[in-house]
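*Asks:* sequence below, structure please.
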Amino acid sequence: MPGRQISALAFVIWLFAVSSYAVAESQMEYAEKTQGSWLRQNELMENSYNRLLLEAEAELNEGPAQQLIKAKKQWEDFRKLFCKSVSSIYGGQWASVHESECRAKLAKQLQNTADSYGW
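*Replies:* Numbers count the residues shown, from 1 in each chain. Predicted coordinates for the structure are as follows:
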């Protein structure tokens, strides 16, 4: 009987290891796809930001340009901390997946907000 219990336990461990590998592999694929989406959204956001910065710098008053630079820095800090927080909840292999997904959603939401203002 103890031999059967060891065999069953070994099978369960093997099954867990195989399923964990499959899940980690699919998560990695998902992270790569999400990372691409985030990069595209981030590029759109950078283009909008650069256009706004050029317009703000063209004004006589330097205030708007300085506020825009400060706002971008605050946005980047917020995004980094928020996504790191989301990632730390899941930890380990989930970190890159959820951080990429988080960044993609935040970038898309910011782009939609900017578009709604005509930026």
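*Asks:* can you pull the contacts of residue 60?
*Replies:* If a contact means CB atoms under 8 Å, 6 or more residues apart in numbering, then residue 60 has no contacts. For glycine as for every other residue, the C-beta is placed from the backbone atoms N, C-alpha and C.
*Asks:* pLDDT at it, what is it?
*Replies:* For residue 60, the pLDDT comes out at 84.
*Asks:* one more: the one 5 residues further on?
*Replies:* Per-residue confidence at residue 65 stands at 86 (pLDDT).
*Asks:* and the nearest residue to it once chain neighbours are set aside, which of the three is it?
*Replies:* Spatial nearest neighbour of residue 65, excluding adjacent residues (CB to CB, 6 or more residues apart in numbering): residue 56 at 4.0 Å. Secondary structure, DSSP: H, G, I helix; E, B strand; the rest coil: residue 56 is helix.
*Asks:* could you check how many residues crowd around residue 56?
*Replies:* 17 (other CB atoms under 10 Å).
*Asks:* now do residue 102
*Replies:* For residue 102, using other CB under 10 Å, the count is 19.
*Asks:* same check, this time on residue 55
*Replies:* 13.
*Asks:* so what's it up against?
*Replies:* Contacts of residue 55 by CB under 8 Å, 6+ apart: none found.
*Asks:* per-residue pLDDT of it, please?
*Replies:* Reported pLDDT for residue 55: 86.
*Asks:* my guess is the residue nearest to residue 65 contacts residue 70. True?
*Replies:* No - counting by CB atoms under 8 Å, residue 56 sits too far from residue 70 to count as a contact (11.6 Å).
*Asks:* any stretches of this structure with poor pLDDT?
*Replies:* For the chain, the stretches flagged by pLDDT under 70 are 1-32, 34, 86-87, 90-101, 117-119.
*Asks:* quick one: the helices in it?
*Replies:* 2-58, 63-90, 94-116 (DSSP state H).
*Asks:* got the contact list for residue 57?
*Replies:* Taking CB under 8 Å, 6+ apart, one finds residue 65 in contact with residue 57.
*Asks:* quick one: it from residue 44, how far?
*Replies:* According to CB to CB, to the nearest Å, residue 57 stands 21 Å off from residue 44.
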